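**Q** okay, sequence plus prediction incoming.
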Amino acid sequence: MAVTIVLALLVGGLIQVSRQSQGYDANSNRSLAAQSGVVAEQSNVTASQVRSLMADLQTQDRQALQSSLDTAVQETARQSARVDLAAGSASSDSVPGQLAAVFAERAQSMTDLRGAVDGFLGMQSVPPAGSPATDAGTSQSAASQSALLSATQATNRIAAAGALLSRSDSLYRSVRRSLAAEVGHARLPASVWVSDPQVWQVGTVAAQVDLIATSSTLAPTHYVVLRTVRLNPPALPPPPGASASVSVLSPTSLLGVTVVVGNDGSSAEPRASVRLSLANQTSGATATQVESTALALGASVTLPTASFHVKPGTTYQLTVAVIPPSGQAVTVGTVIQQALQVAPAT
């Protein structure tokens, strides 16, 4: 009887533990579905935007296309992070782990798509405002690291991104069925990225890449401009009634000129150059220096200070001019001229 009682207690305890475990699993599954379902709906919105983008890539302009690609990468990365958090430390072969893999693959596919398009068109992604990548040094290195892809390379990479999306769709359907069948019968909304597999096939992508290559709106434009020119010593305030056409400097034997250049074009500039010339208006002697930098799309960079030897009591003509990259005309904002007079030594 004692043995029977012990066995009964053990069996009852196991049944109770099993019931509690099932209740915990049911709640976990429902919680996972609730949190991930919200993300899945967000993912559907992103998917719709990407489908529209893929349908008319060749009609975009470079800025709009880059912005759309950057947005898709940023949104899918956030969605992946949210599902990772909901899945916790679950193993990769568990339902939560597989769900996390779905959104990770979607995020990776958008990174790959952006890399293929940027690499083919010579574009550069724009980091979010305030991120470390917006520092001048990082922008310079990013602008010089862009490697152009051939049409075949771009085609293959875009098609591979589509294949990854198709795989993530298939895995999502499997996870959705598994959650519905397990304890708790949790429900996930439908989530599909590839509604028409033909769009991502190599032949279709190759035709799209050819259209991109000949698109007039996606042709790169070059526009390096002068943002500011600062003098050291700075120009003195002009006395009342004096001509503003000549800037007077404090007595000095060394003039420093610091220039900030910006990239208002639609492509990165691996080598943006500025020519600085200082002409002695008495002797006619001219000193010239050239400063160069890499400029990412939309970036502004301060060039190293150019130093010129000057004589007190002498007037000079300072000319600061962008050396236009191929395809850029000399326009307003690319040349600055200023007459400078160094005050006599006292």
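**A** Arrived safely. Numbers count the residues shown, from 1 in each chain.
**Q** so where's this protein uncertain?
**A** Low-confidence segments of the chain (pLDDT under 70): 1-25, 127-147, 241-242, 329-330, 332.
**Q** ok, which stretches of this structure are strands?
**A** Assigned by DSSP state E, the strands in the chain fall at 224-232, 246-249, 254-263, 269-280, 286-295, 300-302, 306-309, 315-323, 335-342.
**Q** so which of these is nearest Gly162?
**A** Nearest of the strands of the chain to Gly162, taken as Cβ to Cβ: strand 269-280 at 30.7 Å. No exception for glycine: its C-beta is placed from N, CA and C like everyone else's.
**Q** can you pull the contacts of Asn116?
**A** To be clear, residue 116 is Ala; Asn isn't right here. Leu149, Gln153, Ala154, Arg157, Ile158, Ala161 (Cβ atoms under 8 Å, 6 or more residues apart in numbering).
**Q** that one - nearest residue in space that isn't next to it in sequence?
**A** Arg157 (3.7 Å; Cβ to Cβ, 6 or more residues apart in numbering).
**Q** next, the contact list for the one you found, please.
**A** Arg157 makes contact with Asp112, Leu113, Gly115, Ala116, Gly119, Leu149, according to Cβ under 8 Å, 6+ apart.
**Q** nearest residue to the third one in space, please, no chain neighbours.
**A** In this structure, Gly115 finds its nearest non-sequential neighbour in Arg157, 6.9 Å apart by Cβ to Cβ, 6+ apart.
**Q** repeat that for the last one.
**A** Among residues not flanking Leu149 along the chain, Gly119 sits closest, at 3.8 Å (Cβ to Cβ, 6+ apart).
**Q** per-domain residue ranges of the chain.
**A** Domain ranges of the chain: 2-213, 224-342, per automatic domain parsing.
**Q** and the last one, how far out from the chain middle?
**A** Meaning domain 224-342. A distance of 31 Å separates the centroid of the chain from that of domain 224-342, by Cα atoms, centre = their mean, to the nearest Å.
**Q** the first one now?
**A** Distance of domain 2-213 from its chain centroid, counting by Cα atoms, centre = their mean, is 18 Å.
**Q** how close does Pro324 sit to Val224?
**A** Going from Pro324 to Val224 by Cβ to Cβ, to the nearest Å gives 7 Å.
**Q** where along the chain do the helices fall?
**A** Assignment of helices within the chain using DSSP state H yields the ranges 2-55, 62-87, 95-121, 136-145, 151-181, 202-213.
**Q** got TSV for those, with distance to Pro238 too?
**A** Output for the helices of the chain, formatted as TSV (distance: least, Cβ to Cβ, whole Å):
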stretch	distance to Pro238
helix 2-55	54
helix 62-87	41
helix 95-121	49
helix 136-145	33
helix 151-181	57
helix 202-213	54
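**Q** can you say which of these is packed in most?
**A** helix 95-121 (a mean of 22; mean count of other Cβ atoms under 10 Å).
**Q** same question for stretch 323-331: list its buried residues.
**A** Within stretch 323-331, the residues that count as buried by 16 or more other Cβ atoms under 10 Å are Ile323, Pro324, Pro325, Gln328.
**Q** and what of stretch 253-264?
**A** For stretch 253-264, a neighbour-count test (16+ other Cβ under 10 Å) marks Leu255, Val257, Val259, Val260, Val261, Gly262, Asn263 as buried.
**Q** what's around Ser273, how many residues?
**A** By other Cβ atoms under 10 Å, the residues close to Ser273 number 17.
**Q** what's the spacing between it and Gly265?
**A** 14 Å.
**Q** same thing with Arg230?
**A** In terms of Cβ to Cβ, Arg230 sits 24 Å off from Gly265.
**Q** how about Pro325?
**A** Pro325 is 8 Å from Gly265, by Cβ to Cβ.
**Q** now list whatever residues contact both of the two.
**A** Common contact partners of Pro325 and Gly265 (Cβ under 8 Å, 6+ apart): His222, Val224.
**Q** re earlier: tell me the one of the contacts of Ala116 nearest Ala294?
**A** Looking at the contacts of Ala116 and their distance to Ala294, the nearest is Leu149, at 19.6 Å (Cβ to Cβ).
**Q** list the contacts for that closest one?
**A** Leu149 touches Ala116, Gly119, Phe120, Arg157, counting by Cβ under 8 Å, 6+ apart.
**Q** which residues touch the residue lying closest to Tyr316 once chain neighbours are set aside?
**A** Of all residues not flanking Tyr316 in the chain, Leu340 sits nearest, at 4.7 Å (Cβ to Cβ, 6+ apart). With contacts defined as Cβ under 8 Å, 6+ apart, Leu340 is in contact with Leu231, Ala235, Val246, Ser247, Val248, Leu249, Leu255, Leu278, Thr315, Tyr316, Gln317, Leu318.
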